[in-house]
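Undergrad: Okay, sequence plus prediction incoming.
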Amino acid sequence: QVQLVESGGGLAQPGGSLTLSCVVSGMSLDYLAIGWVRQASGKEREAVACMSSSGGTPFYAESVKGRFTISRDRAKNTVSLQMNNLKPEDTAKYYCTADYTDDGCATGVFGVAYWGKGTLVSVSA
């Protein structure tokens, strides 16, 4: 059973930075595509980033491209999302996701077999 535990959310000012972490247990990252999905209040879920099991070129939503960076630490079985130049519209609950297939990871239309419980990011002056 794969478990995902997110951390790192909080309050940031516009232009600030936060780093989210997702600790993965139960399966090596070498066999999982890991994504970040966010949901703002009253809005639909949005795929933000995805990294395939091979660690190849990640996917980023247009809304975060150039500001967010997904990375992984295979030794710690952890995936991080570095978020820079935060904007109020980045305010949302961010979920770490995992799937056994890389299908769709490169395009942002990826399956989700497991969800973390999410971490809240709030960007406000």
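TA: The structure has been received and is ready for your questions. Numbers count the residues shown, from 1 in each chain.

Undergrad: Would you map the strands across the chain?
TA: Counting by DSSP state E, the segments of the chain that form strands are 3-7, 10-12, 18-25, 33-39, 46-51, 59-60, 68-73, 78-83, 92-99, 114-115, 119-123.

Undergrad: buried sites along the second one?
TA: Within strand 10-12, the residues that qualify as buried are Ala12, counting by 16 or more other C-beta atoms under 10 Å. Every residue, glycine included, has its C-beta placed from N, CA and C.

Undergrad: With the fifth one instead?
TA: Judged by neighbour count using 16+ other C-beta under 10 Å, the buried positions of strand 46-51 are Ala47, Val48, Ala49, Cys50, Met51.

Undergrad: and if you look at the third one?
TA: Residues of strand 18-25 classed as buried under the neighbour-count rule (16+ other C-beta under 10 Å) are Leu18, Leu20, Ser21, Cys22, Val23, Val24.

Undergrad: for the residues you listed, which one is nearest Ser122?
TA: Leu18 (9.7 Å; C-beta to C-beta).

Undergrad: wait, doesn't that closest one sit right on Glu6?
TA: No. Applying C-beta atoms under 8 Å, one finds Leu18 not in contact with Glu6, separated by 11.7 Å.
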